[in-house]
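# Build me a model from this:
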Amino acid sequence: MSEFSPGLEGVLAAKTEISMVDGQNGRLVYRGGYTISDLYENCTFEEIAHLLWFGELPTEGELEDTKRRLAAKRASTNLPRRPSRRCRATPTRWTSFAP
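Modelled structure (predicted):
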């Protein structure tokens, strides 16, 4: 019989290179060193998307390319008109933005 672990403490749910929860210090860290607060304060949506997809913050040229590709995807995506449907559909549609 397995041992009870309150709150799933110490239970590994999945391995990922994208993020790490530092529960002892109350931090969420992305791609090996960027805290969520640093990204929120200093980066744009497009910079963070590039970081998550490619593992590093973009150069100016890479950022322009990411912006162009995201704009093209947004223009070609037919999202539902009702906001509640849009909210449910968005996470599924994120996979179409990934390179």
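# Excluding residues flanking it in the chain, which one is nearest Leu39?
Ile48 (5.4 Å; C-beta to C-beta, 6 or more residues apart in numbering). Every C-beta, even on glycine, is put in place using the N, C-alpha and C of the backbone.
# Could you check which helix or strand contains the residue nearest to the spatial centre of the chain?
Centroid-nearest residue in the chain: Leu52, 5.7 Å away (criterion: C-alpha atoms, centre = their mean). According to DSSP states H and E, Leu52 maps onto helix 45-54.
# tilt between the helix or strand just after that helix and helix 45-54?
Downstream of helix 45-54, the first helix or strand assigned by DSSP H and E is helix 60-76. Between helix 60-76 and helix 45-54, the angle comes out at 100 degrees (axes from the mean of the first three to the mean of the last three C-alpha atoms, to 10 degrees).
# and helix 60-76, what other elements does it pack with?
helix 45-54 (3 or more C-beta pairs under 8 Å, 6 or more residues apart in numbering; DSSP states H and E).
# re the thing from before, so for the helix holding Leu52, what's the average pLDDT?
The average pLDDT for helix 45-54 rounds to 93.
# buried set for it?
Glu46, Glu47, Ile48, Ala49, His50, Leu51 (16 or more other C-beta atoms under 10 Å).
# Pretty sure the fifth one sits against Glu60.
Yep, that's His50 we're talking about. No: at 11.5 Å, His50 does not count as touching Glu60 under the criterion of C-beta atoms under 8 Å.
# Skipping adjacent residues, who's closest to Leu52 in space?
For Leu52, the spatially nearest residue (C-beta to C-beta, 6+ apart) is Ile18, at 6.0 Å.
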